[in-house]
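**Q** below is the sequence, then the predicted model.
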Amino acid sequence: PMVAQGQLLLLQRWLGEGKLRPSEQLADVLCDAERGGPAAALPMYREGGVDEKATLCLVEMGDLEALREESRKEDPASKPGTSAAP
């Protein structure tokens, strides 16, 4: 109900105060919300280690630079001093 009522600031405050814990389920609700959307869900997905959904949020947001950085983190061949397997 809080998300549907547009009370994202209160929700974020409760998260900051430790009254709520970030979760994949809460991030799913935020991601689908008219207000908030992927930008609100992204930190929760990242904190929960839900990398695939975090990447989808970046795609929905059109954040190409962040997508490039994410792919560099996941691709060991892109790190200096490493090489791709033959």
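**A** Cool, the structure landed.
**Q** quick one: the helices in the chain?
**A** Taking DSSP state H, the helices of the chain run over residues 8-16, 24-32, 37-47, 51-61, 64-74.
**Q** quick one, which of the ones you listed is packed in tightest?
**A** Comparing the helices of the chain by mean neighbour count (mean count of other CB atoms under 10 Å), helix 37-47 comes out on top with a mean of 20. Yep, even glycine has a C-beta here, placed from its N, CA and C like the rest.
**Q** hmm, who's touching it?
**A** When contacts are defined by CB atoms under 8 Å, 6 or more residues apart in numbering, helix 37-47 is touched by residues 8, 12, 22-24, 26-28, 30-31, 33, 51, 53-54, 56-58, 60-61.
**Q** for burial, what's the neighbour tally of residue 34?
**A** 8 (other CB atoms under 10 Å).
**Q** ramachandran angles for it?
**A** Per-residue torsions, residue 34: phi -60, psi -40 (degrees, to the nearest 10).
**Q** so how far is residue 49 from it?
**A** Residue 34 sits 27 Å away from residue 49, going by CB to CB, to the nearest Å.
**Q** gap between the spatially most central residue of the chain and residue 29?
**A** Central residue of the chain (CA atoms, centre = their mean): residue 42, 1.8 Å from the mean position. Distance from residue 42 to residue 29, counting by CB to CB: 14 Å.
**Q** before we move on, what about residue 54?
**A** 16 Å.
**Q** let's see the distance spanning stretch 46-65 from one end to the other.
**A** This stretch, stretch 46-65, spans 16 Å end to end (CA to CA, to the nearest Å).
**Q** now stretch 45-59
**A** 14 Å.
**Q** how about residue 14: what's its closest non-neighbour residue?
**A** Residue nearest to residue 14 in three dimensions, not counting chain neighbours: residue 20, with 4.6 Å by CB to CB, 6 or more residues apart in numbering.
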